[in-house]
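> Prediction below, plus the sequence it came from.
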Protein chains: 2
Amino acid sequence: METLPTIADIKKAAKRIKPYIHRTPVLSSTGINELCGGEIFFKCENLQKVGAFKARGAANAVFSLSEEEASAGVATHSSGNHAAALALAARSRGIKSYIVMPENSPQVKKTAVAGYGAEISYCAPTLKAREAGLEEVIKKTGAVFIHPYNDARIIAGQGTAALELLDEVCQLDIVMTPVGGGGLTSGTAIAVKALSPFTQMIAAEPENADDAYRSLQEGKIMPPLPPNTIADGLRTALGTLTFAVIQKHVNAIVTVSEQSIIDAMRLLWERMKIIIEPSSAVPLAAVLSGKMDVKRKRIGIILSGGNVDMDNLPWSK
Amino acid sequence: METLPTIADIKKAAKRIKPYIHRTPVLSSTGINELCGGEIFFKCENLQKVGAFKARGAANAVFSLSEEEASAGVATHSSGNHAAALALAARSRGIKSYIVMPENSPQVKKTAVAGYGAEISYCAPTLKAREAGLEEVIKKTGAVFIHPYNDARIIAGQGTAALELLDEVCQLDIVMTPVGGGGLTSGTAIAVKALSPFTQMIAAEPENADDAYRSLQEGKIMPPLPPNTIADGLRTALGTLTFAVIQKHVNAIVTVSEQSIIDAMRLLWERMKIIIEPSSAVPLAAVLSGKMDVKRKRIGIILSGGNVDMDNLPWSK
């Protein structure tokens, strides 16, 4: 098995990607603090380039490649934020990117990825078709495959958000992320446990996509149930690397209901005037659920992204 | 006539209000820069306490009062952000606030103002009834009236946002604000012309509420037309003080259409993942209108606020 990334890898990643990403602000809200009884510090990766933390991992992976590796470009299959992030990172390095997207991807995502200069191939909307499409592209172009999360360079890159958070806010009792494939959670967990060992690392997950929770319980990677959550970024299964880190470093996974995700999302929009996608609201939903002891605690939450279809908001349905 | 505030007053205000307000971030977007051909630095007062720059002026006014003046509390009539800002500032100082609100104010605004501990009196929704209601409250309580914009302390307080912007971003070719009553515009203009005299100070206004534009043309304060703009923060007339500053320091006022305000608002939501109210979108609408020379220019825009009814977005009608 590939070696797990370390805090040294995360620090190297931070230096490597600095010119290509935003240092995002850490914001807080008196109103939300009063509501929960703790003090929350939101690390705003929704304000990151491409609107998600994924810009960090993709930049680290792309700029980690040797000249020779990079020369044929990079490839992935994704309909989401990783595709845009990889395309942007490739453009920043001046190399090609090849993205295999399901043909039913929303037009806005196709446009965004194309806007970063990626070469898109469309496939049927199944995992099998995506993997076959990717294999074909790689055979044809020699591009390097960059997995969206089960890759040590990606994990190290995602961990740089926590590095900035811990640099800016001291003595956090808890740090939280949402958990999907586990790239953000595992990168964050490595940073937190290395730099602030007494801080609890807690992941949050929709009840309707609680495969990470079940994986921790069972001690092996469990497949996600048929996706039935508004938190569309959290529908993927863990990878071998991310699961290994999560087993080692994550203190708990808290699951939350769909309605609580929508309520937390709207609360954050209204009180903090920032746009987050449903996946990003999952940790705040956990804090407000009553399932966690947050009174007088200092809590860091990484807001993972802000890519939302403005014509289709959950409360306007 | 009362003396106009100076840069020294703005610097004093900045020190005075520092414990009671957020230092808001300055954000930018590669995508929006590519669209307009210039480089825009957004000073995010939508992320300010109470969701608007008004927190600054109100804090400066309230903390400028002597113990004796403050002892009977402060009062204003407002249905908008100034009411919430004044109530919050009064609570921060531990004094009373009395707000006269039109009885048809949205419930969300009533709740917000009450939440900051203000004593609310309701009146009929006319300027006359508001003024009469205010007079009565002041007679009864002895509270000090704090005007929403035509007050040197308020203007100095609003100018502190530009102070922070100029501290963080150098060599701006243009600084822009929306213009309503003129508190933000005049405070900003004083700061800009004192600290960066070669920077152009440009205000932006809806075509459908172009009273500031007409006032500059005519050389006297013109009343606003019957309000017919989505930018509800910009429906007020200038005051004597704000008009005097604007005449002296503002290089131009650019007017924009209603559709362009909605488009700029949505663009900012989608690209920058922050929530701004329609009034805040007016300067960006001006930049994108083609009426200004912005190519390769460095432009600071103060985003005035982010208080929006999430159930009633302009593009979901």
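Okay, I see it. Residues are numbered from 1 along each chain as shown, chains lettered A, B, ... in the order given.
> looking at it, A:Y20 is touching A:A59, isn't it?
Yes - under the criterion of CB atoms under 8 Å, A:Y20 makes contact with A:A59 at 4.5 Å. The way it works is simple: take the backbone N, C-alpha and C, and place the C-beta from them, glycine included.
> Between those two, point out the one with more neighbours.
Remark: of A:Y20 and A:A59, A:A59 carries more neighbours, 28 against 19, as counted by other CB atoms under 10 Å in any protein chain shown.
> So the more buried one sits against A:A90, correct?
No - using CB under 8 Å, A:A59 is not in contact with A:A90; the gap is 9.7 Å.
> and the residue in the stretch 151-300 of chain A that chain B sits nearest to, how many residues sit next to it?
In the stretch 151-300 of chain A, the residue found nearest to chain B is A:K273; the distance is 3.3 Å by CB to the nearest CB. A:K273 has 26 neighbouring residues, counting by other CB under 10 Å.
> Then A:S105?
That count, for A:S105 with other CB under 10 Å as the rule, works out to 18.
> and it, which of the three is it?
Under DSSP: H, G, I helix; E, B strand; the rest coil, A:S105 falls in the coil class.
> Grab the nearest non-local neighbour of it.
Nearest non-adjacent residue to A:S105, counting by CB to CB, 6 or more residues apart in numbering or on different chains: A:S79, 4.4 Å away.
> so what's the nearest residue to A:G159 once chain neighbours are set aside up against?
Once flanking residues are discounted, A:G159 sits nearest to A:G187: 3.0 Å by CB to CB, 6+ apart. A:G187 makes contact with A:P5, A:I10, A:G57, A:I154, A:I155, A:A156, A:G157, A:Q158, A:G159, A:T160, A:A161, A:A162, according to CB atoms under 8 Å, 6 or more residues apart in numbering or on different chains.
> what residues does the stretch 1-150 of chain A put near chain B?
Within the stretch 1-150 of chain A, the positions adjacent to chain B are A:P25, A:L27, A:T30, A:N46, A:L47, A:K49, A:G51 by CB under 8 Å from any CB of the partner chain.
> count of neighbours near the closest residue to the third one other than its chain neighbours?
In other words, A:T30. Closest residue to A:T30 apart from its sequence neighbours, by CB to CB, 6+ apart: B:K49 at 7.3 Å. Using other CB under 10 Å, B:K49 is surrounded by 24 other residues.
> Contacts only, for B:K49.
Per CB under 8 Å, 6+ apart, neighbours of B:K49: A:T30, B:Y20, B:I21, B:H22, B:A55, B:A85, B:L88.
> go again using 6 Å as the cut-off
Taking CB atoms under 6 Å, 6 or more residues apart in numbering or on different chains, we find B:K49 in contact with B:I21, B:H22, B:A55.
> For it, grab phi and psi.
Backbone geometry at B:K49, expressed as degrees, to the nearest 10, gives phi -50, psi 150.
> Need the pLDDT of it.
Among the per-residue scores, B:K49 shows a pLDDT of 96.
> ok, it to B:Q158 distance?
Distance, B:K49 to B:Q158, by CB to CB, to the nearest Å: 14 Å.
> now do A:K291
According to CB to CB, A:K291 stands 43 Å off from B:Q158.
> When these two are compared, which one has more neighbours?
Neighbours were counted for A:K291 and for B:Q158 using other CB under 10 Å; B:Q158 has more, 34 against 14.
> can I assume that one is in contact with B:G181?
No - B:Q158 is beyond contact range of B:G181, at 10.2 Å (criterion: CB atoms under 6 Å).
> hey, where'd the strands end up in the stretch 201-317 of chain A?
Listed in chain order, the strands of the stretch 201-317 of chain A (DSSP state E, counting those that start in this stretch) span residues A:252-256, A:298-303.
> Report all helices and strands that the shortest one contacts.
What it means is strand A:252-256. strand A:200-206, helix A:211-218, helix A:278-288 (3 or more CB pairs under 6 Å, 6 or more residues apart in numbering or on different chains; DSSP states H and E).
> Would you list the strands that it pairs with, along with their directions?
On the basis of DSSP bridges, the sheet neighbours of strand A:252-256 come out as strand A:200-206 (parallel).
> Least confident secondary structure element in chain A?
In chain A, the helix or strand scored least confidently by mean pLDDT, DSSP states H and E is helix A:107-115, which has a mean of 86.
> Within the sheet, what are the partner strands of the next helix or strand after that helix, with directions?
For helix A:107-115, the succeeding helix or strand toward the C-terminus, using DSSP states H and E, is strand A:119-123. Sheet pairing for strand A:119-123, assigned by DSSP bridges, gives strand A:97-102 (parallel).
> what about the residue lying farthest from the centre of chain A, which helix or strand?
Note on chain A: the largest C-alpha distance from the chain mean falls to A:K140, namely 29.6 Å (CA atoms, centre = their mean). In the assignment (DSSP H and E), A:K140 maps to helix A:127-141.
> Alpha carbons of that helix, as PDB, please.
The C-alpha coordinates for helix A:127-141 follow below in PDB (Å, rounded to 0.1, in the frame of the first residue of the first chain):
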ATOM      1  CA  LEU A 127     -19.000   4.300 -12.900                       C
ATOM      2  CA  LYS A 128     -18.100   1.600 -15.300                       C
ATOM      3  CA  ALA A 129     -18.400   3.900 -18.400                       C
ATOM      4  CA  ARG A 130     -16.400   6.600 -16.600                       C
ATOM      5  CA  GLU A 131     -13.600   4.200 -15.800                       C
ATOM      6  CA  ALA A 132     -13.600   2.800 -19.300                       C
ATOM      7  CA  GLY A 133     -13.600   6.300 -20.800                       C
ATOM      8  CA  LEU A 134     -10.700   7.300 -18.600                       C
ATOM      9  CA  GLU A 135      -8.700   4.200 -19.500                       C
ATOM     10  CA  GLU A 136      -9.200   5.000 -23.200                       C
ATOM     11  CA  VAL A 137      -8.100   8.600 -22.700                       C
ATOM     12  CA  ILE A 138      -5.000   7.600 -20.800                       C
ATOM     13  CA  LYS A 139      -4.000   5.000 -23.400                       C
ATOM     14  CA  LYS A 140      -4.400   7.600 -26.100                       C
ATOM     15  CA  THR A 141      -2.600  10.500 -24.500                       C
END
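> Show me what it is packed against.
Counting contacts by 3+ CB pairs under 6 Å, 6+ apart, helix A:127-141 is packed against strand A:74-77, strand A:97-102, strand A:119-123.
> contacting residues for the residue nearest to A:S105?
The contact partners of A:S79, by CB under 6 Å, 6+ apart, come to A:M101, A:P102, A:S105.
> helix, strand or coil for it?
coil.
> Quick check: which of the strands of the stretch 201-317 of chain A is buried the most?
Mean neighbour count (mean count of other CB atoms under 10 Å in any protein chain shown) peaks for strand A:298-303 among the strands of the stretch 201-317 of chain A, with a mean of 26.
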